[in-house]
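Novice: just coords:
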Ligand SMILES: Nc1ncnc2c1ncn2[C@@H]1O[C@H](COP(=O)(O)OP(=O)(O)OP(=O)(O)O)[C@@H](O)[C@H]1O
């Protein structure tokens with residue numbers, strides 16, 4: 001049944017809108033007693049058969065139970081409110097006052113309408129009008145309408161600064177939470193999910209959503225209580241209308257209550273899986289993506305694939321049949337709309353809605369003289385009941401949201417408590433900073449093994465070596481043999497799975513992380529170019545000297561950035577990618593003509609100069625990263641004792657590589673340096689220690705001469721292979 005695994009677009013979803021039943025066990029699509037199979041076009045739906053134990057529950061009780069449960073999280077709400085009040089008490093009080101006012105006024109309006117209708121009825125019955133009372137009522141209604149408007153404007157206006165304040169407060173909070181997390185924690189899927197949930201990408205807007213939801217609930221509550229008060233008052237003075245009120249309220253309540261209980265044949269089950277059974281559909285979607293996604297453009301153009309892709313798309317479409325080309329939800333909706341010929345819930349609701357009017361008419365027709373209630377009370381009761389029921393729904397609906405909002409708020413505050421996998425040490429380091437900076441540090445690996453989180457193979461397997469102070473070490477070897485991993489472990493991006501790493505004889509786990517990283521300058525192979533200007537990219541190398549322009553420019557010079565920067569629109573201040581694009585009435589940049597008029601955006605061009613028209617080559621990006629590391633090495637020359645370079649010249653041309661090695665030799669002085677490289681020669685000849693790696697282990701170690709002298713040695717073989725390439 002489920003044989004074709006490659007087409008299994010299995011989607012499991014749980015929907016909270018149903019019962020919060022605990023769902024243990026296995027979802028086995030082959031078990032016909034538990035799973036129903038339906039076919040919609042090219043889709044097959046496997047749906048868990050849900051059996052509901054019917055339990056009577058008063059309408060709204062479930063909602064209130066859920067809300068009450070969510071109040072476990074009120075400590076976070078209290079914290080948020082406390083922070084807001086401490087920051088701007090006046091604004092908060094004004095906002096709450098405006099909201100409460102706006103929540104009580106509708107009931108007052110309804111009461112005044114009732115009074116007006118009573119005056120009218122009395123005028124019909126007795127031919128006399130209490131004019132003074134009528135004037136009061138009319139004025140009261142106007143005043144209500146006016147105050148309502150004012151309260152709305154006031155609540156809206158006073159909320160704006162609170163919103164801004166909250167947005168910044170939580171943007172900072174999220175930023176801090178992200179910044180303090182280390183690499184393995186960041187890669188932990190549970191943490192990623194937590195970070196990416198509601199607030200992952202810094203979406204601080206949600207914080208305001210939480211406050212406004214809670215305020216809305218309080219407003220609904222106030223509205224509900226005041227509407228209830230008005231209704232009770234009216235029913236007290238028009239007791240004959242009680243049955244009418246009951247009939248009016250019953251309809252909406254019954255339909256609400258029905259809506260809370262799932263119907264057997266309506267809607268999708270909580271647990272389901274859907275799969276596309278037609279092999280042509282994934283192919284069609286793949287072809288469509290190839291045509292429309294920029295990342296395939298180069299290959300599509302170079303391979304002249306346009307006609308082929310189009311023809312294959314058409315072929316796949318005709319194989320499937322045009323009317324069946326739908327994603328799952330489109331197919332599902334179509335099937336549902338066919339099923340939903342008559343909606344009995346809606347039908348019964350509309351019958352209930354008309355019931356009061358029918359009762360009223362029947363009463364009048366049967367005995368016009370003995371009507372149990374007046375026209376006025378009919379109208380008053382109808383209006384009040386309508387307002388009252390809408391308040392009930394509002395309350396039920398928004399109190400459901402409160403539970404979600406409080407949960408979200410909890411998650412937001414908990415972001416700050418995520419535990420890092422790499423635990424900080426407590427010992428200060430180094431004891432003698434000058435010595436470290438002038439003589440370098442010793443590095444020792446003792447039986448170090450490491451498996452990356454989520455992987456099941458060793459990236460390093462029982463690796464041991466010792467590098468003396470002030471030495472140059474070059475790690476060479478095959479792809480994936482573990483060279484970069486050694487550098488990542490020294491900087492404690494990760495901790496070894498087994499064994500220990502010592503710097504100056506001290507286990508690096510015991511040292512304060514900030515102290516350890518303070519004496520190291522690293523260039524990773526998988527470096528990143530930050531979404532900032534080139535100058536800022538280099539500055540980041542050494543934040544302590546970030547605004548020492550001479551140092552920044554010297555690093556740019558030494559790293560080779562100056563070789564190409566003059567050709568960029570903003571020189572060193574060019575952005576690689578502008579993170580805040582200009583807005584050009586939805587036109588692509590470079591549009592020259594608009595409705596026959598010449599347009600130029602030059603005058604409005606932002607101050608951010610972008611290298612968009614001059615994309616950087618791999619080598620140019622590498623030069624920026626090298627300059628950044630040189631900035632760190634230069635700025636921190638009085639504290640840095642260890643330089644780590646992972647393939648710094650991988651994308652550089654031979655001249656740039658030669659210059660770089662020359663610079664590094666000069667800059668290094670007596671600092672310790674570890675290099676990872678594929679290239680032999682330039683560096684390995686000068687190395688005090690070469691580690692030759694293969695399959696996560698060090699297979700040979702020694703100086704260049706020692707390794708060349710090894711009979712049948714791997715290093716010697718690789719060296720000779722590279723040297724051969726230059727022989728005539
Ligand atoms: N983040 C990661 N998660 C899981 N496995 C990883 C990760 N990074 C590297 N590896 C694996 O660890 C092993 C060692 O990788 P490493 O990057 O240290 O090799 P390398 O010798 O530097 O390779 P290259 O010469 O290609 O740069 C490889 O098998 C690689 O696939």
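Specialist: That came through fine. Bear in mind that the values here come from a model prediction, so they are computed numbers and not experimental data. Numbering: from 1, shown residues only.

Novice: Please tell me how far residue 503 sits from residue 432.
Specialist: 14 Å (Cβ to Cβ, to the nearest Å). Glycine gets a C-beta too; all of them are placed from N, C-alpha and C.

Novice: for this structure, longest helix please?
Specialist: Identified as the longest helix of the chain according to DSSP state H is helix 131-179.

Novice: going on from that helix, what's the next piece of helix or strand?
Specialist: helix 183-187 (DSSP states H and E).

Novice: Remind me what the longest helix of the chain packs against, helices and strands.
Specialist: helix 74-87, helix 89-126, helix 205-237, helix 375-414 (3 or more Cβ pairs under 8 Å, 6 or more residues apart in numbering; DSSP states H and E).

Novice: Alongside the ligand, which residues does the stretch 451-600 of the chain contribute?
Specialist: Within the stretch 451-600 of the chain, the positions lying close to the ligand (Cβ under 6 Å from any ligand atom) are 452, 455, 459, 479-485, 525.

Novice: Show me which pair in those is furthest apart.
Specialist: Spanning the widest gap among those are 455 and 525, at 17.9 Å by Cβ to Cβ.

Novice: picking up where we left off before, more neighbours: residue 503 and residue 432, which one.
Specialist: Of the pair residue 503 and residue 432, residue 503 is the one with more neighbours under other Cβ atoms under 10 Å, namely 23 against 10.

Novice: Give me the pLDDT for that one.
Specialist: Residue 503 carries a pLDDT value of 97.

Novice: same check, this time on residue 714
Specialist: So residue 714 comes in at 90 (pLDDT).

Novice: quick one: contacts for it?
Specialist: By Cβ atoms under 8 Å, 6 or more residues apart in numbering, the residues touching residue 714 are 692, 694, 699-700.

Novice: again, only this time at 10 Å
Specialist: When contacts are counted by Cβ atoms under 10 Å, 6 or more residues apart in numbering, residue 714 touches 476-478, 692-694, 699-700, 707.

Novice: Just send those residues back as a markdown table, with neighbour count and secondary structure too.
Specialist: Formatted as a markdown table, the entries for those read as follows, by neighbours: other Cβ atoms under 10 Å; DSSP: H, G, I helix; E, B strand; the rest coil:
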| residue | neighbour count | secondary structure |
| --- | --- | --- |
| 476 | 25 | strand |
| 477 | 25 | strand |
| 478 | 15 | coil |
| 692 | 24 | strand |
| 693 | 24 | strand |
| 694 | 14 | strand |
| 699 | 15 | strand |
| 700 | 18 | strand |
| 707 | 22 | helix |
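
Novice: Show me the two of those that sit farthest apart.
Specialist: It's 478 and 707 that sit farthest apart of the contacts of residue 714, by Cβ to Cβ, at 15.3 Å.

Novice: ok, residue 42 touching residue 326?
Specialist: Yes. Under the criterion of Cβ atoms under 10 Å, residue 42 makes contact with residue 326 at 7.5 Å.

Novice: now the strands: where do they sit in the stretch 351-500 of the chain?
Specialist: In the stretch 351-500 of the chain, the strands defined using DSSP state E, counting those that start in this stretch lie at 443-451, 458-467, 472-477, 498-503.

Novice: list the buried ones in the first one?
Specialist: So the one you mean is strand 443-451. 443-446, 448-451 (16 or more other Cβ atoms under 10 Å).

Novice: Any residues of the chain in contact with the ligand? List them.
Specialist: Residues of the chain lying near the ligand (Cβ under 6 Å from any ligand atom): 452, 455, 459, 479-485, 525.

Novice: Neighbour-wise, give me the winner out of those residues.
Specialist: When neighbours are counted by other Cβ under 10 Å, residue 482 leads the residues of the chain next to the ligand with 26 neighbours.

Novice: What score does that one have for pLDDT?
Specialist: As predicted, residue 482 sits at a pLDDT of 95.

Novice: Check the one 5 residues further on too.
Specialist: At residue 487, the predicted lDDT confidence score is 96.

Novice: quick one on the thing from earlier: ranking the strands of the stretch 351-500 of the chain by mean pLDDT, which is last?
Specialist: Among those, strand 472-477 scores lowest, at a mean of 94.

Novice: so what strands line up beside that strand?
Specialist: strand 672-677 (parallel), strand 689-694 (parallel) (DSSP bridges).

Novice: can you list the helices and strands packed on helix 131-179 in TSV and add mean neighbour count?
Specialist: Putting the helices and strands packed on helix 131-179 into TSV (neighbours: other Cβ atoms under 10 Å) gives the following:
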stretch	mean neighbour count
helix 74-87	14
helix 89-126	18
helix 205-237	19
helix 375-414	20
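
Novice: Would you reformat these as TSV and include mean pLDDT?
Specialist: Putting the helices and strands packed on helix 131-179 into TSV (pLDDT from 0 to 100) gives the following:
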stretch	mean pLDDT
helix 74-87	87
helix 89-126	85
helix 205-237	81
helix 375-414	75
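
Novice: Can you verify my assumption that residue 472 contacts residue 677?
Specialist: No. Here residue 472 does not reach residue 677: they are 11.6 Å apart, not a contact under Cβ under 10 Å.

Novice: got any residues that touch both of the two?
Specialist: Applying Cβ under 10 Å, 6+ apart, one finds that residue 472 and residue 677 are jointly contacted by 683-684, 687.

Novice: which of residue 42 and residue 326 has more neighbours?
Specialist: Set residue 42 next to residue 326 and count neighbours by other Cβ under 10 Å: residue 42 wins out with 21 against 18.

Novice: What segments of the stretch 451-600 of the chain are helices?
Specialist: 483-490, 513-518, 534-539, 549-559, 562-565 (DSSP state H, counting those that start in this stretch).
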